[in-house]
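Q: Fold the following and give me the result.
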Amino acid sequence: MMRLALAALLNTATAMDTSADPGPDLTVLAPVKPVHLRQMDDSGRFGHLHSTKRTGEDVTVIAKDALAHAGLAPEEWFVISNYMTKKTGLNHVSLRQHVGGLECVNCIAVCNVDRHGRVVNLGYTAHTGRRLASTTPTITPRQALEHAVAYWNASVPEETQAHECDPVKEDGCEQRQKWHPIKGLSPFDTLAKLEVLATGHDEAALVWQISIETEDPYYHMYEVSVQATGEHAGAILQLHDLVNWDNWGKSEANLTATALRGEDSRHVLKKQPLVAPVKPGPKKRIGGVYEIYPIPFLDPTLGPRGISDDDIDFRASPLGWHDTGEVIGDFTDTQGNNVCAQENRGNSASRSCNDDIGARPDGGDDLNFVFEFDEQADPTADPTQSAAITNLFWWHNVFHDITYLNGFDEPAGNFQENNFELGGLGDDGVQANAQDGAGFNNANFATPVDGQRPRCRMYLWNAWTPFRDGDFDSGIIVHEVGHGVSNRLTGGPNQAGCLPGGQAGGMGEGWSDWWAIQLMQRDDHGPNTAFPMGDYVVTGGIRIYPYSYDMEINPATYGFISGPAYSGVHAMGSFWCGALHDVYWLMRIEYGWDPNWYDGVAGNNMFWQNVLDGNKLQPCQPNMVDARDAILLADEQNYGGVHVCTLWCGFARRGMGVSAFSGPFNNRNVEEAFDFPTACDCPELYAKADAAMALHRANATISL
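A: Numbering: from 1, shown residues only. Sure, this is the predicted structure:
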């Protein structure tokens with residue numbers, strides 16, 4: 001009966017339903033000013049912050065010495081993560097400051113130390129003022145929780161029960177409280193912990209730090225800092241969400257008549273033929289056969305589906321995609337070590353791979369996941385539903401393998417059930433919900449700390465008849481899991497929330513768009529090819545401008561983010577993605593292009609590596625200038641700075657030149673600049689790009 005009712009709904013609904021809207025943006029950011037210390041010379045090259053070699057010494061000691069050199073008290077800082085990037089030997093040490101014996105919520109330091117013990121750079125937010133007058137709260141944890149949920153017009157049910165904490169057996173009972181799951185509050189445990197929040201460079205407040213996952217339809221993982229003492233006790237001093245809700249519900253695009261993605265017309269959707277199953281082999285396959293939208297045809301507007309056979313990279317997924325290496329961990333459906341992809345129209349809040357949540361297609365012993373996709377059919381009915389879940393599963397695994405080879409591995413906090421004793425914490429493969437029942441017309445990704453399961457939610461889109469399924473727009477899938485990558489890498493895997501909003505949150509959106517756009521690139525594209533984002537589910541895309549090197553198609557420069565149209569993180573992120581796209585094109589023109597995203601060594605591959613490593617090098621809560629410099633630092637570490645001038649030319653073209661200035665990450669009043677180091681011949685490189693655009697236009701005219 002439920003399936004019949006839903007099918008009827010699918011065939012009749014045409015109005016845009018915004019029930020998956022995340023609700024109002026409640027983000028509150030403390031007015032802190034992160035510090036980023038690095039060393040650049042007149043030629044635009046980045047050297048070491050501290051160049052003395054300390055080979056063989058404990059890198060955590062070196063990091064604390066760097067904090068002391070910056071004028072901080074190293075005894076107040078405690079390591080929260082420390083891992084090494086294998087390719088470069090670069091160590092990434094993250095530390096948290098303790099103030100008055102309590103953890104400081106937003107006092108995070110990131111120190112990067114090379115294989116010879118030299119400090120590459122140091123970023124931190126610290127409390128350097130007077131000690132707190134008191135560390136005794138004047139409101140209870142329960143009162144703080146009530147103030148927190150009242151901020152989004154909710155209340156704490158009277159029957160909410162707290163976990164008992166035995167002070168004889170446990171330390172710090174008076175500084176924390178945990179409540180059981182209960183309807184009306186949260187389907188999971190809710191936690192309060194007494195901590196300190198830096199509210200300025202020399203100011204701080206005692207807070208109850210509330211960690212709560214809210215109920216649907218507005219699913220959030222809020223971290224709320226509630227003032228715990230004084231006349232303003234109960235005030236919300238900081239609030240940010242570990243769920244990245246994306247603005248997919250309407251088009252912001254301002255499109256003119258231009259060829260999109262280098263095509264003269266959109267790819268016409270056709271009913272795909274059902275491919276004959278693979279004949280059974282002598283034993284169960286390790287790698288499967290999947291019919292999906294492959295690289296670079298990420299969605300139906302870009303090209304047809306294809307058959308992917310044994311597309312696993314065993315360096316990244318040594319047991320394949322369907323085996324966790326555990327006693328009960330060898331599967332024939334869409335679950336494995338990296339992701340569990342399943343239908344969730346019942347809107348289960350569970351973060352697990354559970355048969356009670358929803359269906360998963362089964363490929364049998366041959367792991368044959370070839371299912372017909374009929375766009376004119378009910379997307380919730382098989383075989384189309386199985387085709388959608390298969391696409392969701394395949395893309396999570398492919399992106400896992402690609403980013404693994406670039407250094408988002410177990411020690412860096414990637415998403416795996418089994419880490420094979422290679423570092424980091426396991427039990428955190430992605431739970432990917434297809435056709436999630438929380439609403440329509442959106443997608444989101446929740447990224448807690450390493451060892452806690454992330455969740456990707458994909459939705460149906462009801463502006464179409466019948467509905468379209470976001471699970472067939474692989475650009476959305478890449479965008480969402482891209483949030484997980486940037487959130488885990490920035491600030492280290494054991495610190496969540498380093499991209500909470502402002503320019504930092506905007507770049508989170510920009511990186512996610514950029515990774516998706518990169519995987520759409522083809523040999524026949526030119527610098528003036530335009531790439532709308534989310535074009536399959538929202539005609540024309542959802543950003544203010546499509547992405548293109550051509551300034552006539554996308555004119556955005558750094559100064560745009562100070563304008564009223566760029567107040568939101570998605571708009572700011574669209575500028576950041578556009579800047580990265582320019583740099584990509586200059587790298588492609590100078591150093592070539594290789595469609596091999598696993599082992600390629602061309603300009604696009606090297607820049608992809610620098611962007612990912614820039615996430616590791618940048619401070620917690622970076623602004624865009626911080627992130628630009630982190631990418632330049634990454635090139636020094638990865639390639640000896642060979643590409644620095646090309647990178648500078650790309651950033652300078654979009655107003656992020658040498659003299660560009662930004663205040664803290666939560667400030668949009670930036671100063672753009674188009675200058676570049678005198679050692680760089682950017683005009684010559686720009687001329688090459690202009691010539692490439694002219695040639696692409698000429699070829700397009702001839703083909704017409």
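
Q: residues contacting Asp569?
A: Actually, residue 569 is Val rather than Asp. 501-502, 505-506, 508-509 (Cβ atoms under 8 Å, 6 or more residues apart in numbering). C-beta: built from backbone N, CA, C; applies to glycine.

Q: The residue nearest the centre of the chain: what secondary structure?
A: Residue closest to the mean C-alpha point of the chain, counted by Cα atoms, centre = their mean, is His483 at 1.2 Å. Here His483 is helix, with the state taken from DSSP: H, G, I helix; E, B strand; the rest coil.

Q: From Glu158, how far out is it?
A: His483 sits at a distance of 36 Å from Glu158 (criterion: Cβ to Cβ, to the nearest Å).

Q: Repeat that for Met587.
A: Counting by Cβ to Cβ, the gap from Met587 to Glu158 is 60 Å.

Q: These two: which is more packed in?
A: Met587 (24 against 6; other Cβ atoms under 10 Å).

Q: any idea how far Asp409 is from the residue of the chain most remote from its centre?
A: Among the C-alpha atoms of the chain, the one most distant from their mean position (Cα atoms, centre = their mean) is that of Val168, at 41.9 Å. Using Cβ to Cβ, Val168 is found at 42 Å from Asp409.

Q: Now tell me which helix or strand of the chain has the poorest mean pLDDT.
A: helix 2-12 (a mean of 32; mean pLDDT, DSSP states H and E).

Q: same for the helix or strand just after it, what does it pack against?
A: Per DSSP states H and E, the first helix or strand lying C-terminal to helix 2-12 is strand 35-37. Packing partners of strand 35-37 (3 or more Cβ pairs under 8 Å, 6 or more residues apart in numbering; DSSP states H and E): strand 119-124.

Q: Off-centre distance for the strand it packs on?
A: Centroid separation between strand 119-124 and its chain, computed with Cα atoms, centre = their mean, to the nearest Å, is 22 Å.

Q: packing partners for that strand?
A: Applying 3+ Cβ pairs under 8 Å, 6+ apart, we find strand 119-124 packed against strand 35-37, helix 59-69, strand 102-113, helix 624-639.

Q: gap between the first one and the chain center?
A: This means strand 35-37. Using Cα atoms, centre = their mean, the offset of strand 35-37 from its chain centre is 23 Å.

Q: Equivalent analysis for the third one, please.
A: Between the centre of strand 102-113 and the centre of its host chain there is 20 Å, according to Cα atoms, centre = their mean.

Q: next one: stretch 92-107
A: That offset, for stretch 92-107, works out to 24 Å (Cα atoms, centre = their mean).

Q: Stretch 680-697 too?
A: On Cα atoms, centre = their mean, the centre of stretch 680-697 falls 32 Å from the chain's centre.

Q: distance between the ends of stretch 226-241?
A: When the termini of stretch 226-241 are compared using Cα to Cα, to the nearest Å, they are 15 Å apart.

Q: What are the buried residues along it?
A: Using 16 or more other Cβ atoms under 10 Å as the test for burial, stretch 226-241 gives 226-229, 233-241.

Q: Identify the farthest-apart pair in the residues you listed.
A: The largest separation in those, counting by Cβ to Cβ, is between Thr229 and Asp241 at 25.6 Å.

Q: give the contact list for the nearest residue to Asn406 once chain neighbours are set aside.
A: Nearest non-adjacent residue to Asn406, counting by Cβ to Cβ, 6 or more residues apart in numbering: Leu612, 4.9 Å away. Applying Cβ under 8 Å, 6+ apart to Leu612 gives the contacts 403, 406-408, 485, 489.

Q: Return the member of the residues you listed nearest to Ala144.
A: Nearest member of the contacts of Leu612 to Ala144, counting by Cβ to Cβ, is Leu489, at 31.2 Å.

Q: wait, isn't the closest one in contact with Asp409?
A: No: in this structure, Leu489 is not within contact of Asp409 by Cβ atoms under 8 Å, at 10.9 Å.

Q: Of the two, which one has the most company?
A: Leu489 (26 against 21).

Q: ok, and the closest non-adjacent residue to Cys645?
A: Cys680 (3.7 Å).

Q: burial measure for the one you found, as a count.
A: Neighbours of Cys680 (other Cβ under 10 Å): 20.

Q: Doesn't it belong to a strand?
A: No: counting by three-state DSSP, Cys680 is not found in a strand; it is coil.

Q: Leaving out chain neighbours, which residue sits closest to Asn244?
A: Leaving aside its sequence neighbours, Asn244 sits nearest to His483 (Cβ to Cβ, 6+ apart; 4.2 Å).

Q: How about the contacts made by that neighbour?
A: 244, 445, 447, 508, 512.

Q: Same question for Ile307.
A: Counting by Cβ under 8 Å, 6+ apart, Ile307 touches 275, 289-291, 370.

Q: which SS class is Asn605?
A: helix.

Q: I'd guessed it sits against Asn596; true?
A: Yes: judged on Cβ under 8 Å, Asn605 makes contact with Asn596 at a distance of 7.5 Å.

Q: In terms of neighbours, single out the busier of these two.
A: More crowded of Asn605 and Asn596, by other Cβ under 10 Å: Asn605, with 22 against 10.

Q: gap between the more buried one and Gly71?
A: As judged by Cβ to Cβ, Asn605 and Gly71 stand 40 Å apart.

Q: Over to Ile517?
A: Distance from Ile517 to Gly71, by Cβ to Cβ: 42 Å.

Q: just Cys340 next, same as before
A: 48 Å.

Q: Next: Ile182.
A: 47 Å.

Q: of the two, who's got more company?
A: Counting neighbours by other Cβ under 10 Å for Ile182 and for Gly71 shows that Ile182 has the greater number, 15 against 9.

Q: Next one: that one relative to Asn354, how far apart?
A: As defined by Cβ to Cβ, Ile182 lies at a distance of 21 Å from Asn354.

Q: before we move on, what about Pro564?
A: 45 Å.

Q: More neighbours: which of the two?
A: The residue with more neighbours, out of Pro564 and Asn354, is Asn354; 12 against 7, by other Cβ under 10 Å.

Q: Not including adjacent chain positions, what is the nearest residue to the more buried one?
A: Distances taken as Cβ to Cβ, 6+ apart place Ser348 nearest to Asn354, at 7.7 Å, with adjacent residues excluded.

Q: cool, and Tyr591?
A: In space, Tyr591 is closest to Gly603, 3.2 Å off (Cβ to Cβ, 6+ apart).

Q: my read: Asp550 touches Pro527, true?
A: Yes: using Cβ under 8 Å, Asp550 is in contact with Pro527, at 6.4 Å.

Q: Neighbour count for these two, which is higher?
A: Pro527 (24 against 21).

Q: sec struct for that one, please.
A: Per three-state DSSP, Pro527 ends up coil.

Q: Just give the nearest non-adjacent residue to it, would you?
A: Using Cβ to Cβ, 6+ apart, the closest residue to Pro527 is Tyr549 (3.7 Å).

Q: Confirm that Ala412 sits in a strand.
A: No: applying three-state DSSP, one finds Ala412 to be coil, outside a strand.

Q: got the contact list for it?
A: 83, 85, 92, 424, 488-489, 493, 616.

Q: between the buried residues of stretch 226-241, which is nearest Asp333?
A: Nearest to Asp333 among the buried residues of stretch 226-241, with distances taken as Cβ to Cβ, is Asp241, at 31.4 Å.

Q: The residue nearest to that closest one when sequence neighbours are not counted - how many residues pack around it?
A: Once flanking residues are discounted, Asp241 sits nearest to His220: 4.9 Å by Cβ to Cβ, 6+ apart. For His220, the count of nearby residues is 22 (other Cβ under 10 Å).
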